[in-house]
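>>> I'll drop the sequence and a predicted model, then ask my questions.
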Amino acid sequence: MRQSYASIDLSALMQNLRLLKGAAPHSDSLAVVKADAYGNGAVEIAKHIAPEVNMLAVAMLDEAIPLREAGINLPILVLQGPHQASELSATDAYNLHWMIHNKHQLEWLEQHQASKQNAIDNLGARLWLKFDTGMHRLGFDIDDFDTVLHNHRHLTNSSTVIATHLACADEQDRTHTDQQISRFLQGVKNAGMRLSVANSAGALAHASAQQDINRIGIALYGSSPFDTSHSTFGVNDSIGLKAVMTLTAKIIGLRTIPKGDTVGYGGTWTASKPSTIATVAIGYADGYPRHAPNGTPAICRGQRIKLVGRVSMDMLTFDVSELDDVALYDEVELWGKQLPINEIARFVGTIGYELMTRISARVPRRYTTK
(Lines give C-alpha, C1' and ligand atoms only; values in the text may rest on other atoms or scores of the structure.)
Protein backbone atom coordinates (compact mmCIF):
# COMPACT_ATOMS: atom_id res chain seq x y z
CA MET A 1 0.00 0.00 0.00
CA ARG A 2 1.40 3.34 -1.05
CA GLN A 3 1.81 5.95 1.66
CA SER A 4 1.07 8.72 -0.85
CA TYR A 5 -2.02 9.37 -2.95
CA ALA A 6 -3.89 12.05 -4.88
CA SER A 7 -7.47 12.55 -3.75
CA ILE A 8 -9.67 13.73 -6.64
CA ASP A 9 -12.79 15.54 -5.45
CA LEU A 10 -15.46 15.07 -8.11
CA SER A 11 -17.90 17.36 -6.27
CA ALA A 12 -15.36 20.18 -6.50
CA LEU A 13 -14.92 19.38 -10.18
CA MET A 14 -18.63 19.82 -10.84
CA GLN A 15 -18.75 23.01 -8.80
CA ASN A 16 -15.94 24.45 -10.89
CA LEU A 17 -17.63 23.40 -14.11
CA ARG A 18 -20.89 25.06 -13.16
CA LEU A 19 -19.07 28.21 -12.10
CA LEU A 20 -17.31 28.39 -15.48
CA LYS A 21 -20.53 27.75 -17.38
CA GLY A 22 -22.25 30.44 -15.33
CA ALA A 23 -19.52 32.94 -16.21
CA ALA A 24 -20.31 32.44 -19.91
CA PRO A 25 -23.94 31.27 -20.09
CA HIS A 26 -24.29 31.87 -23.82
CA SER A 27 -21.30 29.70 -24.80
CA ASP A 28 -21.03 25.94 -25.16
CA SER A 29 -18.44 24.29 -22.92
CA LEU A 30 -15.62 22.10 -24.19
CA ALA A 31 -13.70 20.39 -21.38
CA VAL A 32 -9.99 19.89 -21.98
CA VAL A 33 -8.91 16.48 -20.68
CA LYS A 34 -5.48 16.27 -22.31
CA ALA A 35 -2.48 15.04 -20.30
CA ASP A 36 -4.75 12.58 -18.45
CA ALA A 37 -7.07 15.44 -17.48
CA TYR A 38 -4.14 17.47 -16.17
CA GLY A 39 -3.09 14.51 -14.05
CA ASN A 40 -6.51 13.93 -12.52
CA GLY A 41 -7.42 10.87 -14.61
CA ALA A 42 -9.06 11.50 -17.99
CA VAL A 43 -11.46 8.57 -18.03
CA GLU A 44 -12.92 9.19 -14.58
CA ILE A 45 -13.10 12.95 -15.13
CA ALA A 46 -14.76 12.57 -18.54
CA LYS A 47 -17.34 10.11 -17.23
CA HIS A 48 -18.29 12.48 -14.44
CA ILE A 49 -18.61 15.67 -16.47
CA ALA A 50 -20.13 14.12 -19.60
CA PRO A 51 -23.75 15.11 -18.81
CA GLU A 52 -22.85 18.79 -18.48
CA VAL A 53 -20.36 19.53 -21.27
CA ASN A 54 -20.77 19.61 -25.03
CA MET A 55 -17.43 18.19 -26.03
CA LEU A 56 -14.02 16.99 -24.82
CA ALA A 57 -10.55 17.87 -26.09
CA VAL A 58 -7.25 16.00 -26.06
CA ALA A 59 -3.87 16.91 -27.49
CA MET A 60 -3.36 13.92 -29.78
CA LEU A 61 -5.05 10.81 -31.11
CA ASP A 62 -3.41 8.51 -28.55
CA GLU A 63 -5.26 10.37 -25.79
CA ALA A 64 -8.64 9.99 -27.49
CA ILE A 65 -8.66 6.23 -27.93
CA PRO A 66 -8.74 5.27 -24.18
CA LEU A 67 -11.75 7.54 -23.71
CA ARG A 68 -13.63 5.74 -26.46
CA GLU A 69 -12.56 2.35 -25.14
CA ALA A 70 -13.99 3.38 -21.75
CA GLY A 71 -17.39 3.98 -23.35
CA ILE A 72 -17.33 7.79 -23.40
CA ASN A 73 -19.48 8.98 -26.31
CA LEU A 74 -19.05 12.77 -26.32
CA PRO A 75 -17.43 14.28 -29.40
CA ILE A 76 -13.65 14.59 -28.95
CA LEU A 77 -11.53 17.34 -30.47
CA VAL A 78 -7.88 16.50 -31.20
CA LEU A 79 -6.15 19.83 -30.58
CA GLN A 80 -2.95 19.15 -32.53
CA GLY A 81 -4.83 17.67 -35.46
CA PRO A 82 -3.56 14.59 -37.29
CA HIS A 83 0.20 14.05 -37.11
CA GLN A 84 0.11 11.96 -40.27
CA ALA A 85 -2.46 11.28 -42.97
CA SER A 86 -3.18 7.75 -41.73
CA GLU A 87 -4.68 9.08 -38.50
CA LEU A 88 -7.68 10.39 -40.43
CA SER A 89 -8.94 6.83 -40.75
CA ALA A 90 -9.82 7.04 -37.05
CA THR A 91 -12.24 9.94 -37.60
CA ASP A 92 -15.41 7.95 -38.03
CA ALA A 93 -14.36 4.98 -35.93
CA TYR A 94 -13.76 7.18 -32.88
CA ASN A 95 -16.09 10.11 -33.67
CA LEU A 96 -13.22 12.60 -33.73
CA HIS A 97 -13.06 16.28 -34.54
CA TRP A 98 -9.76 17.71 -35.78
CA MET A 99 -8.10 21.06 -35.13
CA ILE A 100 -6.46 21.76 -38.50
CA HIS A 101 -3.63 24.29 -38.40
CA ASN A 102 -1.38 23.81 -41.45
CA LYS A 103 -1.56 23.20 -45.19
CA HIS A 104 -0.29 19.62 -44.95
CA GLN A 105 -3.24 18.63 -42.77
CA LEU A 106 -5.62 20.25 -45.27
CA GLU A 107 -3.97 18.31 -48.08
CA TRP A 108 -4.42 15.06 -46.13
CA LEU A 109 -8.09 15.88 -45.67
CA GLU A 110 -8.46 16.57 -49.39
CA GLN A 111 -6.86 13.24 -50.25
CA HIS A 112 -8.95 11.40 -47.70
CA GLN A 113 -12.17 12.91 -49.02
CA ALA A 114 -11.21 12.08 -52.59
CA SER A 115 -11.35 8.37 -51.77
CA LYS A 116 -14.99 7.34 -51.54
CA GLN A 117 -14.31 4.34 -49.33
CA ASN A 118 -12.43 6.56 -46.87
CA ALA A 119 -14.61 9.67 -47.04
CA ILE A 120 -15.26 11.22 -43.64
CA ASP A 121 -18.95 11.49 -42.88
CA ASN A 122 -20.03 15.14 -42.56
CA LEU A 123 -16.47 16.44 -42.46
CA GLY A 124 -17.46 20.08 -42.05
CA ALA A 125 -19.10 19.36 -38.71
CA ARG A 126 -15.94 17.61 -37.50
CA LEU A 127 -13.54 20.31 -38.64
CA TRP A 128 -11.94 23.08 -36.62
CA LEU A 129 -9.65 25.57 -38.37
CA LYS A 130 -7.08 27.30 -36.19
CA PHE A 131 -5.81 30.78 -37.00
CA ASP A 132 -2.83 32.50 -35.41
CA THR A 133 -3.58 35.95 -34.02
CA GLY A 134 -0.44 36.45 -31.92
CA MET A 135 0.37 33.27 -30.02
CA HIS A 136 2.72 32.27 -32.89
CA ARG A 137 2.67 28.59 -32.08
CA LEU A 138 0.18 26.84 -34.38
CA GLY A 139 -2.35 28.05 -36.93
CA PHE A 140 -2.83 29.69 -40.30
CA ASP A 141 -2.14 33.42 -40.30
CA ILE A 142 -5.39 35.25 -39.65
CA ASP A 143 -4.60 37.49 -42.64
CA ASP A 144 -4.95 34.39 -44.84
CA PHE A 145 -8.42 33.57 -43.54
CA ASP A 146 -10.31 34.37 -46.75
CA THR A 147 -7.78 32.50 -48.89
CA VAL A 148 -7.85 29.36 -46.74
CA LEU A 149 -11.63 29.24 -46.74
CA HIS A 150 -11.93 30.04 -50.43
CA ASN A 151 -9.50 27.29 -51.40
CA HIS A 152 -11.12 24.68 -49.18
CA ARG A 153 -14.74 25.78 -49.00
CA HIS A 154 -15.94 22.31 -50.02
CA LEU A 155 -14.48 20.90 -46.77
CA THR A 156 -16.41 23.25 -44.51
CA ASN A 157 -19.98 24.11 -43.60
CA SER A 158 -21.81 26.25 -41.06
CA SER A 159 -20.92 23.77 -38.30
CA THR A 160 -17.19 24.17 -38.88
CA VAL A 161 -15.47 25.93 -35.96
CA ILE A 162 -12.96 28.75 -36.44
CA ALA A 163 -10.57 29.03 -33.48
CA THR A 164 -7.64 30.95 -32.12
CA HIS A 165 -5.65 30.72 -28.89
CA LEU A 166 -4.97 33.56 -26.46
CA ALA A 167 -1.39 34.03 -25.32
CA CYS A 168 -1.82 36.50 -22.45
CA ALA A 169 -5.39 36.17 -21.17
CA ASP A 170 -4.05 35.52 -17.67
CA GLU A 171 -2.08 38.79 -17.57
CA GLN A 172 -3.23 42.02 -15.92
CA ASP A 173 -2.32 44.03 -19.00
CA ARG A 174 -5.17 43.45 -21.44
CA THR A 175 -3.45 44.99 -24.45
CA HIS A 176 -2.21 41.83 -26.17
CA THR A 177 -5.41 39.91 -25.51
CA ASP A 178 -7.62 42.73 -26.75
CA GLN A 179 -5.50 42.94 -29.90
CA GLN A 180 -5.76 39.19 -30.49
CA ILE A 181 -9.53 39.15 -30.05
CA SER A 182 -9.96 42.19 -32.28
CA ARG A 183 -7.77 40.69 -35.04
CA PHE A 184 -9.67 37.44 -34.85
CA LEU A 185 -13.17 38.90 -34.93
CA GLN A 186 -12.25 41.27 -37.73
CA GLY A 187 -10.55 38.51 -39.70
CA VAL A 188 -13.50 36.10 -39.52
CA LYS A 189 -16.20 38.73 -40.03
CA ASN A 190 -19.30 37.35 -41.75
CA ALA A 191 -17.79 33.86 -42.03
CA GLY A 192 -21.05 32.27 -40.93
CA MET A 193 -19.27 29.62 -38.85
CA ARG A 194 -18.95 28.86 -35.16
CA LEU A 195 -16.16 30.60 -33.23
CA SER A 196 -13.94 29.51 -30.33
CA VAL A 197 -11.54 31.90 -28.60
CA ALA A 198 -11.66 31.57 -24.82
CA ASN A 199 -9.50 29.35 -22.66
CA SER A 200 -10.08 29.31 -18.88
CA ALA A 201 -8.67 32.80 -18.35
CA GLY A 202 -10.48 34.17 -21.38
CA ALA A 203 -13.79 32.72 -20.26
CA LEU A 204 -13.43 34.28 -16.80
CA ALA A 205 -11.93 37.68 -17.56
CA HIS A 206 -12.65 38.63 -21.20
CA ALA A 207 -16.30 38.85 -22.19
CA SER A 208 -15.43 39.41 -25.84
CA ALA A 209 -13.58 36.07 -25.88
CA GLN A 210 -16.78 34.24 -24.92
CA GLN A 211 -17.87 33.12 -28.35
CA ASP A 212 -19.77 29.98 -29.39
CA ILE A 213 -17.47 27.49 -27.65
CA ASN A 214 -15.17 28.02 -24.65
CA ARG A 215 -12.28 25.61 -24.14
CA ILE A 216 -11.99 25.23 -20.38
CA GLY A 217 -8.95 23.54 -18.90
CA ILE A 218 -6.98 24.40 -15.77
CA ALA A 219 -9.83 26.22 -14.00
CA LEU A 220 -11.99 23.10 -14.30
CA TYR A 221 -9.51 21.38 -11.99
CA GLY A 222 -9.64 24.17 -9.43
CA SER A 223 -6.37 25.96 -10.13
CA SER A 224 -6.75 29.63 -10.89
CA PRO A 225 -5.43 30.52 -14.35
CA PHE A 226 -4.32 33.85 -12.92
CA ASP A 227 -1.35 34.83 -10.80
CA THR A 228 -3.11 34.84 -7.45
CA SER A 229 -0.28 36.74 -5.74
CA HIS A 230 -2.22 39.81 -6.83
CA SER A 231 -5.70 40.62 -8.05
CA THR A 232 -6.09 40.17 -11.80
CA PHE A 233 -9.06 42.07 -13.26
CA GLY A 234 -10.57 41.59 -9.80
CA VAL A 235 -10.52 37.85 -10.52
CA ASN A 236 -8.53 35.60 -8.20
CA ASP A 237 -9.10 32.62 -5.93
CA SER A 238 -12.18 34.38 -4.55
CA ILE A 239 -14.03 33.45 -7.75
CA GLY A 240 -14.84 30.22 -5.94
CA LEU A 241 -12.74 27.59 -7.67
CA LYS A 242 -12.25 24.52 -5.50
CA ALA A 243 -9.16 22.32 -5.55
CA VAL A 244 -9.95 19.02 -7.26
CA MET A 245 -6.60 17.33 -6.56
CA THR A 246 -5.22 17.09 -3.03
CA LEU A 247 -1.78 15.48 -2.93
CA THR A 248 -1.11 13.70 0.35
CA ALA A 249 1.69 11.57 1.78
CA LYS A 250 2.32 10.06 5.20
CA ILE A 251 5.18 10.52 7.63
CA ILE A 252 7.27 7.33 7.66
CA GLY A 253 10.15 8.56 9.80
CA LEU A 254 10.68 10.91 12.75
CA ARG A 255 13.94 11.89 14.41
CA THR A 256 15.36 14.72 16.50
CA ILE A 257 18.68 16.15 15.36
CA PRO A 258 21.01 18.50 17.27
CA LYS A 259 21.80 22.08 16.36
CA GLY A 260 24.36 22.20 13.56
CA ASP A 261 23.42 18.90 11.90
CA THR A 262 22.39 18.85 8.26
CA VAL A 263 19.56 17.09 6.43
CA GLY A 264 19.49 15.30 3.09
CA TYR A 265 21.81 14.93 0.10
CA GLY A 266 24.50 17.55 0.03
CA GLY A 267 23.65 18.82 3.51
CA THR A 268 21.82 21.83 2.06
CA TRP A 269 19.89 22.60 5.26
CA THR A 270 21.45 23.04 8.70
CA ALA A 271 19.48 22.97 11.94
CA SER A 272 19.76 26.26 13.81
CA LYS A 273 18.48 24.54 16.98
CA PRO A 274 17.52 20.99 18.02
CA SER A 275 14.90 20.02 15.44
CA THR A 276 12.35 17.30 14.78
CA ILE A 277 12.55 16.07 11.21
CA ALA A 278 9.72 14.15 9.52
CA THR A 279 10.43 11.96 6.49
CA VAL A 280 7.46 11.82 4.13
CA ALA A 281 6.84 9.06 1.58
CA ILE A 282 6.82 11.00 -1.70
CA GLY A 283 9.55 12.34 -3.97
CA TYR A 284 10.49 13.46 -7.43
CA ALA A 285 9.74 10.03 -8.94
CA ASP A 286 6.14 10.69 -7.88
CA GLY A 287 6.20 14.09 -9.56
CA TYR A 288 7.00 16.35 -6.62
CA PRO A 289 9.42 18.96 -8.02
CA ARG A 290 13.03 18.11 -7.27
CA HIS A 291 14.06 21.76 -7.29
CA ALA A 292 11.60 22.76 -4.52
CA PRO A 293 13.65 24.97 -2.18
CA ASN A 294 14.05 24.85 1.57
CA GLY A 295 11.00 26.50 3.12
CA THR A 296 8.44 25.20 0.61
CA PRO A 297 5.31 24.73 2.73
CA ALA A 298 3.09 21.75 3.42
CA ILE A 299 0.29 21.12 5.92
CA CYS A 300 0.31 18.63 8.79
CA ARG A 301 -2.27 18.53 11.61
CA GLY A 302 -3.70 21.77 10.24
CA GLN A 303 -0.41 23.65 10.63
CA ARG A 304 2.21 24.74 8.14
CA ILE A 305 5.51 22.94 8.05
CA LYS A 306 8.56 23.67 5.91
CA LEU A 307 10.55 21.50 3.53
CA VAL A 308 14.17 21.06 4.60
CA GLY A 309 16.92 19.40 2.60
CA ARG A 310 16.86 18.25 -1.00
CA VAL A 311 13.93 16.40 -2.51
CA SER A 312 14.85 12.72 -2.94
CA MET A 313 13.47 10.25 -5.46
CA ASP A 314 10.99 8.74 -3.01
CA MET A 315 11.09 10.96 0.09
CA LEU A 316 10.85 14.51 1.42
CA THR A 317 11.95 15.86 4.78
CA PHE A 318 10.13 18.55 6.76
CA ASP A 319 10.90 20.42 9.97
CA VAL A 320 7.99 19.60 12.30
CA SER A 321 9.56 20.99 15.46
CA GLU A 322 6.62 23.34 16.09
CA LEU A 323 3.93 20.64 15.90
CA ASP A 324 2.37 19.16 19.00
CA ASP A 325 2.05 15.37 19.17
CA VAL A 326 3.28 14.71 15.63
CA ALA A 327 3.37 10.97 14.99
CA LEU A 328 4.40 8.37 12.48
CA TYR A 329 1.83 7.95 9.68
CA ASP A 330 0.36 11.41 10.16
CA GLU A 331 -0.77 12.76 6.80
CA VAL A 332 0.96 15.68 5.10
CA GLU A 333 -0.84 17.72 2.43
CA LEU A 334 1.58 18.82 -0.28
CA TRP A 335 -1.10 20.91 -2.04
CA GLY A 336 -4.86 20.88 -2.34
CA LYS A 337 -7.76 22.00 -0.21
CA GLN A 338 -5.70 23.64 2.54
CA LEU A 339 -2.74 24.76 0.43
CA PRO A 340 -3.31 26.14 -3.09
CA ILE A 341 -1.22 24.50 -5.78
CA ASN A 342 -0.34 27.93 -7.18
CA GLU A 343 1.33 28.85 -3.89
CA ILE A 344 3.62 25.85 -4.18
CA ALA A 345 4.22 26.72 -7.82
CA ARG A 346 5.45 30.19 -6.83
CA PHE A 347 7.93 28.68 -4.37
CA VAL A 348 9.20 26.33 -7.04
CA GLY A 349 9.27 28.89 -9.84
CA THR A 350 6.72 27.22 -12.08
CA ILE A 351 2.94 27.13 -12.59
CA GLY A 352 0.18 24.98 -11.19
CA TYR A 353 -0.32 23.32 -14.59
CA GLU A 354 3.14 21.73 -14.44
CA LEU A 355 2.82 20.51 -10.86
CA MET A 356 -0.57 18.95 -11.49
CA THR A 357 0.31 17.22 -14.74
CA ARG A 358 3.62 15.78 -13.59
CA ILE A 359 2.19 13.60 -10.78
CA SER A 360 3.29 10.15 -11.87
CA ALA A 361 1.22 7.04 -12.45
CA ARG A 362 2.64 5.38 -9.34
CA VAL A 363 0.65 7.80 -7.17
CA PRO A 364 -2.81 6.26 -6.71
CA ARG A 365 -5.81 8.45 -7.53
CA ARG A 366 -8.70 8.16 -5.08
CA TYR A 367 -12.01 9.55 -6.35
CA THR A 368 -14.46 11.04 -3.88
CA THR A 369 -17.80 12.84 -4.12
CA LYS A 370 -17.90 14.37 -0.65
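Here it is on my side, so go on. Numbers count the residues shown, from 1 in each chain.
>>> going by C-alpha atoms from here, please, whenever you check contacts or count neighbours.
OK.
>>> give me the distance between T248 and Q15.
Counting by CA to CA, to the nearest Å, the gap from T248 to Q15 is 22 Å.
>>> what's the closest non-adjacent residue to N118?
H112 (6.0 Å; CA to CA, 6 or more residues apart in numbering).
>>> hmm, I was thinking of L67
The shortest distance from L67 to any residue other than its chain neighbours is 5.8 Å, reached at V43 (CA to CA, 6+ apart).
>>> that neighbour contacts I65, correct?
No: contact criterion CA atoms under 8 Å: V43 and I65 do not qualify, at 10.5 Å.
>>> hang on, the residue nearest to L67 in a helix?
Yes: under DSSP: H, G, I helix; E, B strand; the rest coil, V43 falls within a helix.
>>> start at 180 instead
Okay, residue one is now 180; in that scheme the one you just asked about reads as V222.
>>> so who does it touch?
By CA atoms under 8 Å, 6 or more residues apart in numbering, V222 lies in contact with D215, P245, L246, A249, I251.
>>> looking at T427 and Q194, which one has more neighbours?
Neighbour totals were compared for T427 and Q194, and T427 leads with 23 against 18 (other CA atoms under 10 Å).
>>> what's the distance between that one and E512?
5 Å.
>>> now do the helices in the stretch 330-479 of the chain.
354-366, 379-384 (DSSP state H, counting those that start in this stretch).
>>> distance to H276 and mean neighbour count for those helices - can I get that in a markdown table?
Formatted as a markdown table, these follow (distance: least, CA to CA, whole Å; neighbours: other CA atoms under 10 Å):
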| stretch | distance to H276 | mean neighbour count |
| --- | --- | --- |
| helix 354-366 | 21 | 18 |
| helix 379-384 | 21 | 24 |
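>>> bridged to the closest residue to I321 other than its chain neighbours, which residues?
The spatially closest residue to I321, leaving aside those adjacent along the chain, is F310, at 5.2 Å (CA to CA, 6+ apart). Per DSSP bridges, residues listed as beta-bridge partners of F310: F319.
>>> partners of the helix or strand harbouring L256, with directions?
Assigning secondary structure by DSSP states H and E places L256 in strand 255-257. Note on strand 255-257: by DSSP bridges, its sheet partners are strand 234-237 (parallel), strand 275-279 (parallel).
>>> contact partners of it?
Outside strand 255-257, the residues that touch it by CA under 8 Å, 6+ apart are 234-240, 243, 274-278.
>>> what's the closest of these to H470?
Of all the contacts of strand 255-257, A238 has the smallest distance to H470: 27.4 Å, by CA to CA.
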